[in-house]
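[1] Could you look at this predicted model? Sequence included:
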Amino acid sequence: AQPTITMVREFFNKETSHRPSEEMYEALLDIALTLEDMANGKAENKIHLSSLAPGIGKTQTICFFLNLLLKEKQYEDKGILIGLSSYDEIESYLSRIDVQPHKIGILTSDKTLNLKSNKNTNEAQILFTTQQMMDSRLKDKLFSEGEEFYYKGKPRQIRIWDESFMPGEPIIVNRDKLQVLLPALRRPYPRLTEKLEDLINTDLKSINGEQLYDLPDLKEEYDLDLNQLTGILQSEEVKKVEIDNASNFWFLLGKTVSVRKDGIMGITALSYKKTIPDDITPLLVLDASGSCRGTYVEMDKHKKNIIRLKEAPKDHSDLEIYHWVRGGGKKAFRDHMSDYVHGIANSINEEPDKEWLIIIHKNIYKLDESIKQLLVEEVDKNNVHFLTWGRHKATNDYAHIDRVILAGILYYSSSQHESLGRLAAGKPPEYGVYSKESINRVALGELKHVILQGACRGAVRLCEGDKCKRCKIFVMGAKKSGVKQELFQELFPGSTYSLWRPIKELW
């Protein structure tokens, strides 16, 4: 651990403009010490959570540690597993890991990427995989039974989860979208269709507020498994989103679910699917949102399985936050497209010499092009970059940009918040009602998580000592959604807050 931090210091001092504070180096050392304990079989059997802010050097620390470990003969029998959220992150690690190719294994759905590694992953000391692959391969198994992830015939001892950790996935069913089942199943399964019609359009439709409901196990009663159902729906050319919704419904049949009226989604039924077994621990989790997400609070409250590693506060006094108090969801964008596009373009035009990063909603027709069309000639359009929500995490490509616009916010529904909270707490609906206090805690944490991850794609992620780089962040969001000054002060201590008024005539 100590030589690792020496190498990290030398790297930052010589190769980059990044200058962590001493407190930050102590927190990085805590990560290295945790890895050392794992290698020596001394780590406590829990989730070891590092919540250091984006850009401080968590990933770099891990890579230097592994570079040292993989050269030590005494650790040749210690396998390493790293779960990442994207192929780009695997490529990033590969560019930093300095080891012989045969010691590297890659297990993903991308056959081309897998070819960059030892084909026999059991003989590769370090194995890179995706969190999605771990979800699928460990389903209904203990980690100790997951032979795909073995090293020399046994479970890997050093386990790292880079980015957010959840032990499974939320399962949410939209009642309205279940209507596609009726015409598709009426001919081959007429009696089943009658039962479904009563369930969907009478029983579920009549539910007011929030309550628990026992779904009948119709799939067993009528001997129609998920593969058969999917085949029927595909033959009827049902949309993928509706097939996914029906598949989730089939999974929930025979279970107790939580049913609620959820705004524009209408009536939903929810639970969750656990895919990561408890014996994955000890596990090092690197999540910059770890200090603000309610899901970790729920895990620790109900499972007592979180060890929080050292944190290091970051001084954001060189960060300026500008808040446009307008609705930031997809619907608001579509309803007020012209206003929003003009407002964003006006702000860019006021500083035409700057490089900009704009994070936008997906599937809003030509939003990026509409903004570019309103830029003045002085703006170099090659210096205006766009990312979509959903692709706004775990990239350092824009860390040099000191003007960031969060064009709206990625919001989640109440159903998603309840499902996430239940998953984190290990409290499926059959355990009873889940408290509003817990749901609200998860909701606030997810909002903070989204804003933090979006904002920290830019220069605010870098440090000069314990201070962030100078940066301006422009955020669109309504106060009723929780986007307000107090939230920014909690996320970015020491930052300045001002109202953003890019279209004067509206005020």
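    Ah, there it is.

[2] so Gly55 touches Ala399, yeah?
    Yes - between Gly55 and Ala399 there is a contact under C-beta atoms under 8 Å: 6.4 Å. To be clear about C-beta, it is placed using only N, CA and C from the backbone, and glycine gets the same treatment.

[3] So for the two, which sits in the more crowded spot?
    Shown here are Gly55 and Ala399; by other C-beta atoms under 10 Å, Gly55 has more neighbours (24 against 20).

[4] quick one: that one is in a helix?
    No - Gly55 sits outside any helix when classified using DSSP: H, G, I helix; E, B strand; the rest coil, being coil.

[5] Which elements pack onto the helix or strand of the chain at the bottom of the mean pLDDT ranking?
    Every helix and strand in the chain was compared by mean pLDDT, DSSP states H and E; the lowest is strand 463-465, with a mean of 80. Packing contacts for strand 463-465, counted by 3 or more C-beta pairs under 8 Å, 6 or more residues apart in numbering; DSSP states H and E, involve strand 19-20.

[6] what residues does whatever helix or strand comes next after the strand it packs on touch?
    Following strand 19-20 in sequence order, the next helix or strand is helix 22-39 (DSSP states H and E). With contacts defined as C-beta atoms under 8 Å, 6 or more residues apart in numbering, helix 22-39 is touched by 1-2, 4-5, 8-9, 20, 43, 48, 50, 52, 56-58, 61-62, 65, 69, 75, 78, 157-160, 282, 284, 286, 309-314, 463, 466.

[7] pLDDT averaged over helix 22-39 - what is it?
    Per-region confidence: helix 22-39 scores 97 on mean pLDDT.

[8] Just the C-alphas of it, formatted as CSV.
    The C-alpha trace of helix 22-39 is given here as CSV (Å, rounded to 0.1, in the frame of the first residue of the first chain):
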residue,chain,number,x,y,z
GLU,A,22,-2.8,15.4,2.1
GLU,A,23,-6.2,14.4,3.4
MET,A,24,-7.0,13.0,0.0
TYR,A,25,-3.8,11.1,-0.1
GLU,A,26,-4.7,9.5,3.2
ALA,A,27,-8.1,8.5,1.8
LEU,A,28,-6.3,7.0,-1.3
LEU,A,29,-4.0,5.1,1.1
ASP,A,30,-7.1,3.7,2.8
ILE,A,31,-8.1,2.2,-0.5
ALA,A,32,-4.7,0.6,-1.0
LEU,A,33,-4.7,-0.7,2.6
THR,A,34,-8.1,-2.4,2.0
LEU,A,35,-6.7,-4.1,-1.1
GLU,A,36,-3.6,-5.2,0.8
ASP,A,37,-5.9,-6.7,3.5
MET,A,38,-7.9,-8.5,0.8
ALA,A,39,-4.6,-9.9,-0.7
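
[9] Tell me, how many residues neighbour Glu237?
    7.

[10] So it: helix, strand or coil?
    Secondary structure, three-state DSSP: Glu237 is coil.

[11] next one: Lys427
    Three-state assignment for Lys427 (three-state DSSP): coil.

[12] Determine the residues that are contacts of both of Gly55 and Ala399.
    461-462.

[13] Low-confidence stretches in this protein?
    392-394, 505-507 (pLDDT under 70).

[14] about what we covered before: just the buried residues out of the contacts of helix 22-39, in PyMOL syntax.
    This is how PyMOL selects the buried members of these, with burial counted by 16 or more other C-beta atoms under 10 Å:
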select buried, resi 1+4+5+8+20+43+48+50+52+56+57+58+61+62+65+69+75+78+157+158+159+160+282+284+286+309+310+311+312+314+463+466
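
[15] ok, Val173 touching Asn248?
    Yes - assessed by C-beta under 8 Å, Val173 is found in contact with Asn248 at 5.0 Å.

[16] After the least confident helix or strand of the chain, which helix or strand is next?
    Heading C-terminal from strand 463-465, the first helix or strand you meet, by DSSP H and E, is strand 467-468.

[17] between Val173 and Asn248, who's got more neighbours?
    Using other C-beta under 10 Å as the criterion, Val173 and Asn248 rank with Val173 on top: 25 against 21.

[18] Could I get the contacting residues of that one?
    Val173 makes contact with 245, 248-249, 252, 257, 268-270, according to C-beta under 8 Å, 6+ apart.

[19] try Asp402
    Counting by C-beta under 8 Å, 6+ apart, Asp402 touches 354-355, 458-459, 469-472.

[20] and if we set it to 10 Å?
    318-320, 354-357, 458-460, 462, 469-473 (C-beta atoms under 10 Å, 6 or more residues apart in numbering).

[21] Let me see the ranges of the strands in the stretch 301-450 of the chain.
    Ranges of strands in the stretch 301-450 of the chain, per DSSP state E, counting those that start in this stretch, are 306-308, 319-324, 356-360, 384-388, 403-406.

[22] Can I get those strands in TSV including mean neighbour count and distance to Thr34?
    Output for the strands of the stretch 301-450 of the chain, formatted as TSV (neighbours: other C-beta atoms under 10 Å; distance: least, C-beta to C-beta, whole Å):
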stretch	mean neighbour count	distance to Thr34
strand 306-308	16	9
strand 319-324	22	29
strand 356-360	24	32
strand 384-388	19	31
strand 403-406	24	32
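
[23] Show me which residues of the longest helix along the chain are buried.
    Longest helix in the chain by number of residues, with DSSP state H as the criterion: helix 436-455. Across helix 436-455, burial judged by 16+ other C-beta under 10 Å covers 438-439, 441-455.

[24] so Lys261 touches Asp176, yeah?
    No - using C-beta atoms under 10 Å, Lys261 is not in contact with Asp176; the gap is 11.7 Å.

[25] if I look at the two, which residues touch both of them?
    267-268.

[26] Can I get the strands of the stretch 301-450 of the chain in TSV including distance to Asn208?
    TSV is the format used below for the strands of the stretch 301-450 of the chain (distance: least, C-beta to C-beta, whole Å):
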stretch	distance to Asn208
strand 306-308	37
strand 319-324	36
strand 356-360	37
strand 384-388	36
strand 403-406	36
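
[27] Which one, of the ones you listed, ends up nearest to Leu115?
    With C-beta to C-beta as the measure, strand 384-388 is the member of the strands of the stretch 301-450 of the chain nearest Leu115 (28.6 Å).

[28] Ends of stretch 221-239, what's the gap?
    26 Å (C-alpha to C-alpha, to the nearest Å).

[29] cool, stretch 299-316 as well?
    For stretch 299-316, the first-to-last residue distance is 29 Å (C-alpha to C-alpha).

[30] how far is that stretch from where the chain is centred?
    Relative to the centre of its chain, stretch 299-316 is centred 17 Å away, using C-alpha atoms, centre = their mean, to the nearest Å.

[31] before we move on, the earlier item: which one of the strands of the stretch 301-450 of the chain lies closest to Ile82?
    Once the strands of the stretch 301-450 of the chain are compared by C-beta to C-beta, strand 306-308 is nearest, at 19.2 Å.

[32] got the contact list for that closest one?
    30, 34, 43-51, 281-282, 284-285, 290-291, 296-300.

[33] now do 7 Å
    44, 46-49, 51, 296, 299-300 (C-beta atoms under 7 Å, 6 or more residues apart in numbering).
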